[in-house]
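Novice: The amino acid sequence is not available; the structure is as follows:
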Ligand code: SAH
């Protein structure tokens, strides 16, 4: 059996639904929402649905048990959802003899029509069907697609719908397809999806008036700590749509695989003291590419606004008048804490958490040591691996207990993550004797003691 997917106009079709159970109720709701004429034969309906039916101009409920003589009236489509399969069969035969289309919910293999699962972003509808093979698979696919289709696709659909007549009048038929291709590949859709409606509409107007669609834009995007599953939906969407990508060392290569094959990719990484491109150079590259009309993605590990110099990069973009977006990412502290079972705050251990950078400049590390010594505070140190001996010593010198627990989370959230736990007294020697690899995040405080019990990734 082959299926033919068609989309019917809701307000132009009439249905009979026989039965009032859960499945019937779902179909009734769908039909009311579509504005179809629907006549329901069921002994009972839940109060809330009764209310909906009475408010819908085209819906009527006949409170009765169905029998084999049921009159289908003018209905073209019949949904059979009673729990009596003999009755369903008899009604199916009768309806077909009267030239009506039948959908039986208890026996899907011979149905004349089926209800697909629908992702509703009206006017955009995405329907999923496994031709009755597996409702569970249909549901699963629908859930996955739901996650990839932000609600704002409805606004995008409406805006495009509102432009259609104007474009029809303005452009000859042979130019329309090219116009829409330019429009859909411009920044308008992305502006709608990030809810910047005014900018979307003014750019759209400019395109309708014949402006070049190639206005550049930049995205400063956090790629999270490593595990690609920790990307945000928006990050993924922008990674897939960028024309040119500048990424640094901390971005997992598996995330780079999401970049479009047509896009240019540049490594502007900074392995310690080995800047592939100096920071000033990166800022200028971003500005230049955007000025060439490209969609420029600056992809950074973790969150771009946490020890990521994100602020500096967008300052230059702002100064050059280039529109940009900033997309947060999961910062290393959150990723490493979660994936090592070390809560950063905990009512029995720490009421505050402090993120500091242990980056050593000229061998010195000028942290406000006194402020870091606090019994109910967790300390998270980014970029601190080489500074561990100095950091531990300074903390002890300023009064932190020598047996304060410390964890080094190596390659946090990645498959080869390792968690090294010790005390601030012993960690320097441990680091000297074990070759730890970057990136490594340091967590200091009594919350580290929870790792033994809460570590869920063995
Ligand atoms: N913007 C980033 C931090 C950049 S600073 C963020 O929000 O996470 C770089 C430092 O972050 C590294 O030296 C290391 O201390 C830490 N880091 C980043 N990713 C890490 C990971 N997967 N595991 C452990 N530490 C990480």
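Specialist: Sure, I can see it. Source: prediction; values computed, not measured. Numbering: from 1, shown residues only.

Novice: who's in contact with residue 315?
Specialist: Taking CB atoms under 8 Å, 6 or more residues apart in numbering, we find residue 315 in contact with residue 283. In short, each C-beta sits where N, CA and C put it, glycine included.

Novice: I'd like to know how far it sits from residue 218.
Specialist: Separation of residue 315 from residue 218 (CB to CB, to the nearest Å) stands at 12 Å.

Novice: Repeat that for residue 333.
Specialist: From residue 333 over to residue 218 the distance is 26 Å, taken as CB to CB.

Novice: Check residue 332 too.
Specialist: Separation of residue 332 from residue 218 (CB to CB) stands at 23 Å.

Novice: swap in residue 248?
Specialist: Spatial separation of residue 248 from residue 218 under the definition CB to CB is 15 Å.

Novice: Likewise for residue 99?
Specialist: 61 Å.

Novice: can you check residue 374 too?
Specialist: Distance check for residue 374 against residue 218: by CB to CB, it reads 39 Å.

Novice: The two: which is more packed in?
Specialist: residue 218 (28 against 15; other CB atoms under 10 Å).

Novice: Report the rounded mean pLDDT for the helix or strand containing that one.
Specialist: Taking DSSP states H and E as the criterion, the element that holds residue 218 is strand 217-222. The pLDDT scores in strand 217-222 average 94.

Novice: List the pairing partners of that strand within its sheet, with orientation.
Specialist: strand 295-300 (parallel), strand 324-327 (parallel) (DSSP bridges).

Novice: Give the bridge partners for the single nearest residue of the stretch 251-400 of the chain relative to the ligand, please.
Specialist: Using CB to the nearest ligand atom, residue 302 is the residue of the stretch 251-400 of the chain that sits closest to the ligand, at 1.9 Å. Counting by DSSP bridges, residue 302 forms beta bridges with residue 224.

Novice: burial measure for it, as a count.
Specialist: Residue 302 has 30 neighbours, counted by other CB under 10 Å.

Novice: Was I right to think it contacts residue 327?
Specialist: No: no contact is recorded between residue 302 and residue 327 when judged using CB atoms under 8 Å, the distance being 12.0 Å.

Novice: Mind listing the shared neighbours of these two?
Specialist: Taking CB under 8 Å, 6+ apart as the contact rule, the neighbours common to residue 302 and residue 327 are residue 222.

Novice: what residues does the chain put near the ligand?
Specialist: 225-226, 250, 300-303, 306-308, 331-332, 336, 382-383, 409, 411-413, 439-441 (CB under 6 Å from any ligand atom).

Novice: repeat that with 8 Å
Specialist: By CB under 8 Å from any ligand atom, the residues of the chain that approach the ligand are 222, 225-226, 250, 300-308, 310, 329-333, 335-336, 357-358, 381-385, 409-414, 417, 438-442.

Novice: Using CSV, please lay out the strands paired with strand 217-222 together with mean pLDDT.
Specialist: Formatted as CSV, those follow (pLDDT from 0 to 100):
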stretch, mean pLDDT
strand 295-300, 94
strand 324-327, 94
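
Novice: residues of stretch 246-260 that come out buried?
Specialist: Of the residues in stretch 246-260, those scored as buried under the neighbour-count criterion (16 or more other CB atoms under 10 Å) are 246, 247, 248, 250, 251, 252, 255, 256, 258, 259.

Novice: same question, stretch 203-211
Specialist: Judged by neighbour count using 16+ other CB under 10 Å, the buried positions of stretch 203-211 are 203, 204, 207.

Novice: Identify the residues contacting it?
Specialist: Around stretch 203-211, the neighbours that count as contacts under CB under 8 Å, 6+ apart are 159, 163, 166-167, 170, 179, 182-183, 186-188, 191, 213, 215.

Novice: Turn the residues you listed into TSV, columns for neighbour count.
Specialist: What follows is these, written out as TSV (neighbours: other CB atoms under 10 Å):
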residue	neighbour count
159	17
163	18
166	10
167	15
170	14
179	17
182	15
183	19
186	22
187	23
188	25
191	23
213	17
215	17
